[in-house]
Structures are given as C-alpha cells and as structure tokens.
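Visitor: Just the structure for this:
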Amino acid sequence: MRIGIAVLPTHRSIDVAVLAARAEALGFESLWAPEQPTLPVETVQDIPRAWGDIVDPFVMLARASGVTTSLKLGTAVVVVPEHSPISLAKRAASLDAYSGGRFLFGIGVGSHPEEAALLGSDFPKRWTQAREAVAAMKELWTREQSEFHGRYYSFPPVYSYPKPAQRPHPPLLLGSKSHRSFRRIVEWGDGWLPIGVTPDQVSEGRVILDRLCDAAGRDPSSIEISVVDVPADLDVVRTYAESGASRVIVGMPEEPEGPSLNRLERIAAAVVR
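Guide: All right, here's what the predicted structure looks like:
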C-alpha cells in the first residue's frame, strides 16, 4: 500500500519544501495539493474561509519537486473547467518534465456555481466540459503540432512544449464519488481519486471499474484507486488495501513548521511500513 499525504497550504502553513523533503525521508510515497482558484465572498454553500488562502498547486508542487527525487506529486484536485486547456496542459507538462515524470494529475470539476460563473465553467455540464478539456490537453501533450475544435475549446495548429516526461501523459485521476464517474474513468481516465469514501464503497467501485474495463477491452489493472482523507490508522489502511485501493492519502491541516513536522512524524510512525 502506498501512503501519501495531503496538505492545506497557505501563507500561514509550513514551507512545502521543508515538508516535502521530510516526507520523502520518512518514506511517504506522494504529496498532494488542493486547488481553490478563488473564493467568492458570497456563496450559497458554506465554504471554509481558509480555502481562499490556498496557494497555487503547481507552484507548490514545483517547489516540492526541487528538494525531492522520488516523491510523487499529485493534485487533489485541479478544477479543470475553470482553466484554459492550453495553459493547463503547459503547466502540467512543465511540472512533469522538471520532476522527471513524478506528476499525478488529479482532476475535478468544482462544486460551487459562484466560482464557476467567475471562471468560465458551464456548471450544469461541467463534466462534459472537463472531458473536452482533457481531450484538448491530450492533443497538446502528444503531438508536435496540436489542433483542436470542440464545443467549448477551439484552436488552430499550435506548438505546445515541453512535453510531459511520462508517455503519453501524466496519469489522469478523476476526483468524484458519483457512480457516473466510473464510466468516465474507463473511457478517458487512468484512476479514481475519491475523498471520504468507506472501504465498502471502494470495494463496490473496484467491482464496477473491473466490469466496465472488461466490457471495454481494457486491462482493469491500468486503473488505480487512491483514497483521500483516510485516518492515520494502520488497521484502517489495511482495510482499504483489502477493499481494492492501491494508495491512501492522509490529510494534514494548516499548521506552522514545528507542529506540522511533529504531526508528519506521528503519521509516519502509525502507517508507513
């Protein structure tokens, strides 16, 4: 079982370069960054104020890559419909290239209509938009001259470099708990990245993914399950492994350096083997 950590990075929390170097030394497999592009002051749903202070995930992970050599670098998750696929493809490819192929591209579609309205996301059809953005990015990652024409995005032949170190591109892990996400994963993704699901839900998802892969002629082992927000409890981690997860990600709160490193040490002692 691979063990990752997810942090809430703000200007008040530990320098990610310090955290990443220590996490790698302690044997963690991966480090995960969230994204909150902006935080509207007025929203229908209550959103924690600290989310508005989250740093850019690509900047955070690039900083972490410079002080590590093996630690995987993941997003959990980037809100794809709120970005241009041209600029997002370049940022993802640049991080993957500079890190030597360590980027895990966790993607989502957002859950706040106020933010979607600000950043150009078609909120009712945001998964449809995300699928098109991913198709455009795959063109940009894999072709010398890339061209795309769709409903949401259209561009003439362009050069988009650097290309990712991973071929054909970094793994695309879909962050969603909806059962409709399983078909999307099999059709155009590489993994499932749910947050806050139970081992029973993981087991059910694994069965569905395997069945859909068989029907599509795809190897079920090509799709991994990474579960976010798992407690630092070895027995719980083993239960997730038995249910079909290949990676669990333990969350860490926003803390300064001393408390954060102490917490990291405790998590490592509890679950890293």
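
Visitor: okay, CA-based contacts and neighbour counts for the rest of this
Guide: Fine.

Visitor: so who does the most centrally placed residue in the chain touch?
Guide: The residue lying closest to the centre of the chain (C-alpha atoms, centre = their mean) is G106, at 2.1 Å. For G106, the contacting residues are G74, T75, A76, V77, V78, L172, L173, L174, G175, L193, by C-alpha atoms under 8 Å, 6 or more residues apart in numbering.

Visitor: Verify the stated contact: the last one with D229.
Guide: To tie it back to what came earlier, the one meant is L193. No - between L193 and D229 there is no contact under C-alpha atoms under 8 Å: 10.6 Å.

Visitor: Mind checking which of those two has more residues around it?
Guide: The neighbour comparison of L193 against D229 (other C-alpha atoms under 10 Å) goes to L193, with 26 against 16.

Visitor: For the residue nearest to the centre of the chain, list each beta-bridge partner.
Guide: Listed by DSSP bridges, the beta-bridge partners for G106 are L173.

Visitor: How much space separates it from F182?
Guide: G106 is 15 Å from F182, where distance means C-alpha to C-alpha, to the nearest Å.

Visitor: What is the burial count for A215?
Guide: 10.

Visitor: er, A135 I mean
Guide: When counting by other C-alpha under 10 Å, one arrives at 16 neighbours for A135.

Visitor: which residues sit in contact with it?
Guide: A135 neighbours (C-alpha under 8 Å, 6+ apart): none.

Visitor: cool, and R218?
Guide: Taking C-alpha under 8 Å, 6+ apart, one finds V186 in contact with R218.

Visitor: Look up phi and psi at it.
Guide: phi -110, psi 140 (degrees, to the nearest 10).

Visitor: likewise G27?
Guide: Dihedral angles (degrees, to the nearest 10) for G27: phi 100, psi 10.

Visitor: Look at it and say how many residues are nearby.
Guide: G27: 16 surrounding residues under other C-alpha under 10 Å.

Visitor: What separation is there between it and D53?
Guide: In terms of C-alpha to C-alpha, G27 sits 29 Å off from D53.

Visitor: Which parts of this protein are helices?
Guide: Using DSSP state H, the helices of the chain run over 16-26, 57-65, 85-98, 113-119, 126-142, 180-188, 199-216, 234-243, 257-271.

Visitor: and the fourth one, how far from the chain's centre?
Guide: In terms of C-alpha atoms, centre = their mean, to the nearest Å, the centre of helix 113-119 is set 20 Å apart from its chain centre.

Visitor: List of residues touching that helix?
Guide: By C-alpha under 8 Å, 6+ apart, helix 113-119 touches T38, L39, P40, T43, E82, H83, G110, D122, F123.

Visitor: cutoff 7 Å now
Guide: T38, L39, P40, T43, E82, F123 (C-alpha atoms under 7 Å, 6 or more residues apart in numbering).

Visitor: Which two among the residues you listed are spaced furthest apart?
Guide: The two members of those with the most space between them (C-alpha to C-alpha) are T43 and E82, at 17.0 Å.
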